[in-house]
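Q: using only what follows, build the 3D model:
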Amino acid sequence: MAIRRICRIEIENFRGVTESRIDVPRNGLRLRGDEGTGKTSHLDAITAALRGTDLGVEVVRRGAEKTTLLVQFDDGTKVKRQVTAKGVGQPSVTVEGMKATSPQTWLNERLGLASFDVISFIGAKAAERVRMLQQAVPCTVTIERLRQWVPSLEAFDCSGHGLEVVKRLHKVAYDKRTTANAAAKTANAELERLAREATAAAHGVSTDALAPAEAFDRQQRAERHAASLATAVAAAKAHEERTAGTRDRIVKLRAEADAVVRSEDEWAAAGVAVDSARSEVSRAQTTIDELELRLADARAALARCEHRLQAASQRFADIEQARKRADTLRAQATELEATIAAAAPSAPSAEEIAAADAAIEQARQALAAAERAEAARAADAARETAAEKAKAANAEADRLDAIVKALANDAPRALMAEQGGIEGLEIEGETIRVDGVALDSLSSGEQLRLAVKIARRLNKAPILIVDHLEHLAPSKRDAFLREACAGDWQVFATCVDDGALVIEGIDFEEEAAAAQ
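A: Predicted coordinates for the structure are as follows:
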């Protein structure tokens, strides 16, 4: 059974209101007056009676014994509450002459009056609007629901308002996306760098270049061959340096031999001298035999001849010995020369050395080509690895970007649609949108209609309670009330005005009839 309109209100000793008894017209009441005249107290009395909230002993007017509140509906339902210095009890609710067993539960199920200040919502800043909307539209979300937008989500704190949960998760995903974007940017930059290096490394690389190991081995062999040639040259030079003294000795020996026997003519002359001496001896002996008389002279001549013979023989013997000595020295020189010749290493030729140097240069060029080819292969492999990393990083950044967008747009929209039930209403950060248009971009009339729609959606009974109507421009107040009362709704509104409290009915149907 639905509760419809309030038809009567009775207030006794509630805050500053001593007594107020009002028959409520079809569309509700508008309360005007200065500050402190009791406008808001009337609204608070209605909501306190129906919600059972804000009913402490402080609401009892000073000097009074108790506060009594009565709200009657046009279907005969009455809600009556009393507050004394001892406190407030359960409300007395009469339904067609029957007393409800759980009055407040019964009221909540039929009224569901939300604490949503329509006027304050319109004038509030963006962040405050979101907060008010979240408070007015309770929303919960589960980990299973969150996984519809973040499939990889394992665990998350889902306590609090569903939109706040989504906002926290959005912050986590946003931070991860920022990190992923930075990683993707770094990976892409690294890929570009390695791609440039791979292109540069591949420039001029021969397709038939040797493997670096083979080219290096070839260069090593060429260098070892050249080194062996250099060693042979050095050995020949060292042998020449070592045998220089011996060669000098050979020259000296030969010179000494030549000095002993200067020529064959001198040796022959010595032989002639011996033969001559011998002839002289023979002739002297003959002279002795023939000329005994001349013996003394002959003996003297003989002595002289014998002396010359002895001298000549000695000279011949010395020359013979010198000749043998010279032959010995020459033999020694020849032997030393043969020894040197046998021991002397054969130095490589200039052609062999040039060929070895050319082989080394070719091996070095082959090694350089092989190293360039290997560097090109390594650079290309590094580029491929970087490409895989960049692809993965970009995919992760795109995945997180999709999650961030879903949490920023899809999730709030879906939750509001599911649990708020207001078609086209969504929250994106601190921006409230209606059918994709930001609330601040709507006209004032459209904003009023949205605020009324939100309040209506939250209330189960067709009753709106609006405080501070003066926040709207005078030209917009009637338009707002008409919008709020459309569809047979009842509005209780206050507006600051000059003078004492004025309570006037709102009935646009009577105005329309009078105008006709």
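
Q: what number of residues lie near the residue lying closest to Ala347 once chain neighbours are set aside?
A: Nearest non-adjacent residue to Ala347, counting by C-beta to C-beta, 6 or more residues apart in numbering: Ala236, 3.8 Å away. No exception for glycine: its C-beta is placed from N, CA and C like everyone else's. Around Ala236 sit 15 other residues, with neighbours defined as other C-beta atoms under 10 Å.

Q: so what pLDDT did Ala236 get?
A: Ala236 carries a pLDDT score of 74 in this model.

Q: equivalent analysis for Glu10, please.
A: With respect to pLDDT, Glu10 scores 96.

Q: ditto for the one 10 residues further on
A: Reading off the per-residue confidence, Ser20 sits at a pLDDT of 95.

Q: beta partners of it?
A: Note on Ser20: beta-bridge partners Ile11, judged by DSSP bridges.

Q: and it, how close does it get to Lys237?
A: According to C-beta to C-beta, to the nearest Å, Ser20 stands 133 Å off from Lys237.

Q: Ala333 is in contact with Leu253, correct?
A: Yes. The pair Leu253 / Ala333 is scored as a contact, 4.8 Å apart, by C-beta atoms under 8 Å.

Q: more neighbours: Ser20 and Lys237, which one.
A: Comparing Ser20 with Lys237 by other C-beta under 10 Å, the one with more neighbours is Ser20, at 16 against 12.

Q: pretty sure that one contacts His42?
A: Yes. Using C-beta under 8 Å, Ser20 makes contact with His42 at a distance of 6.6 Å.

Q: need the contact list for Phe480.
A: Applying C-beta atoms under 8 Å, 6 or more residues apart in numbering, we find Phe480 in contact with 448, 452, 469, 472.

Q: helix, strand, or coil at the second one?
A: Here Val452 takes the helix state, with states given by DSSP: H, G, I helix; E, B strand; the rest coil.

Q: care to break the protein down by domain?
A: 6-113+459-515, 244-343 (automatic domain parsing).

Q: dump those domains into CSV; add distance to Asp435 as well.
A: As requested, those are exported to CSV (distance: least, C-beta to C-beta, whole Å):
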stretch, distance to Asp435
domain 6-113+459-515, 18
domain 244-343, 111
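
Q: among the contacts of Phe480, which are located in helices?
A: Mapping the contacts of Phe480 onto helices (DSSP state H) picks out 448, 452.

Q: ok, back up a step: looking at the domains of the chain, which is nearest to Ala180?
A: Proximity to Ala180 (C-beta to C-beta) singles out domain 6-113+459-515 among those, at 44.3 Å.

Q: just the helices in the stretch 1-150 of the chain please.
A: Secondary structure of the stretch 1-150 of the chain, counting by DSSP state H, counting those that start in this stretch: helices at 39-51, 103-110, 118-123, 126-136, 143-146.

Q: may I see the buried residues of the third one?
A: Going by neighbour count (16 or more other C-beta atoms under 10 Å), the buried part of helix 118-123 is 118-122.

Q: first-to-last residue distance for stretch 110-125?
A: End-to-end distance of stretch 110-125 (C-alpha to C-alpha, to the nearest Å): 32 Å.

Q: tell me the contacts of Leu70?
A: Per C-beta under 8 Å, 6+ apart, neighbours of Leu70: 8-11, 49, 78-80.

Q: kindly write the ChimeraX command that selects the buried subset of the residues you listed.
A: A single ChimeraX command selects the buried members of the contacts of Leu70 (16+ other C-beta under 10 Å):
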select :9,10,11,49,79,80
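
Q: pick the one among the contacts of Leu70 closest to Gln104.
A: For the contacts of Leu70, the residue nearest Gln104 by C-beta to C-beta is Val79; the value is 9.7 Å.

Q: what sits against the spatially closest residue to Gly36 that is not a sequence neighbour?
A: Spatial nearest neighbour of Gly36, chain neighbours left out: Gly16 (7.3 Å); criterion: C-beta to C-beta, 6+ apart. If you count contacts by C-beta under 8 Å, 6+ apart, Gly16 has them with 36, 38, 41, 61.

Q: hey, least reliable of the helices of the stretch 1-150 of the chain by pLDDT?
A: Mean pLDDT is lowest for helix 103-110 among the helices of the stretch 1-150 of the chain, at a mean of 72.

Q: what angle do it and helix 39-51 make?
A: Our comparison of helix 103-110 with helix 39-51, counting by axes from the mean of the first three to the mean of the last three C-alpha atoms, to 10 degrees, yields an angle of 100 degrees.

Q: list the buried residues for helix 103-110?
A: Of all the residues in helix 103-110, those buried under the rule 16+ other C-beta under 10 Å are 103-104, 106-107, 110.

Q: nearest to Arg304 among those residues?
A: Compare each of the buried residues of helix 103-110 with Arg304 using C-beta to C-beta and the shortest gap goes to Gln104, at 183.0 Å.

Q: with Gly76 as the reference, measure out to the closest one.
A: When Gln104 is compared with Gly76 (using C-beta to C-beta), they lie 19 Å apart.

Q: please identify which two of the contacts of Leu70 are farthest apart in space.
A: Ile11 and Lys78 (14.2 Å).

Q: please, which helix or strand holds the residue nearest the centre of the chain?
A: Nearest to the geometric centre of the chain sits Ala183, at 3.4 Å (C-alpha atoms, centre = their mean). Ala183 belongs to helix 162-202 when elements are defined using DSSP states H and E.

Q: for whichever helix or strand comes after that helix, name the packing helices and strands.
A: Remark: after helix 162-202, the chain's next helix or strand is helix 212-242, criterion DSSP H and E. Packing contacts for helix 212-242, counted by 3 or more C-beta pairs under 8 Å, 6 or more residues apart in numbering; DSSP states H and E, involve helix 350-405.

Q: for the helix it packs on, packing partners?
A: Where contact means 3+ C-beta pairs under 8 Å, 6+ apart, helix 350-405 is packed against helix 162-202, helix 212-242.

Q: what helices and strands are in contact with the first one?
A: It refers to helix 162-202. Counting contacts by 3+ C-beta pairs under 8 Å, 6+ apart, helix 162-202 packs against helix 126-136, helix 143-146, helix 350-405, helix 411-415.

Q: export the ones you listed as TSV, with columns for mean neighbour count.
A: Formatted as TSV, these follow (neighbours: other C-beta atoms under 10 Å):
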stretch	mean neighbour count
helix 126-136	17
helix 143-146	15
helix 350-405	17
helix 411-415	22
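
Q: which of the ones you listed sits closest to Ala232?
A: Ranking the helices and strands packed on helix 162-202 by proximity to Ala232 (C-beta to C-beta) places helix 350-405 first, at 9.1 Å.

Q: and that closest one with helix 212-242, angle?
A: Counting by the same axes, to 10 degrees, helix 350-405 points 150 degrees away from the direction of helix 212-242.

Q: quick one: mean pLDDT over helix 350-405.
A: Mean predicted confidence for helix 350-405 is 87.

Q: got the angle for that helix vs helix 162-202?
A: Angle, helix 350-405 to helix 162-202, by the same axes, to 10 degrees: 160 degrees.

Q: any idea which helix or strand carries Glu504?
A: Secondary structure from DSSP H and E places Glu504 in strand 502-505.

Q: who touches stretch 140-148?
A: Against stretch 140-148 from outside (C-beta under 8 Å, 6+ apart): 153, 155-156, 158, 161-162, 165-166, 169, 411, 415, 419.

Q: give me that answer again for 7 Å
A: Surrounding stretch 140-148, the residues in contact under the criterion C-beta atoms under 7 Å, 6 or more residues apart in numbering are 153, 155-156, 158, 162, 165-166, 169, 415.
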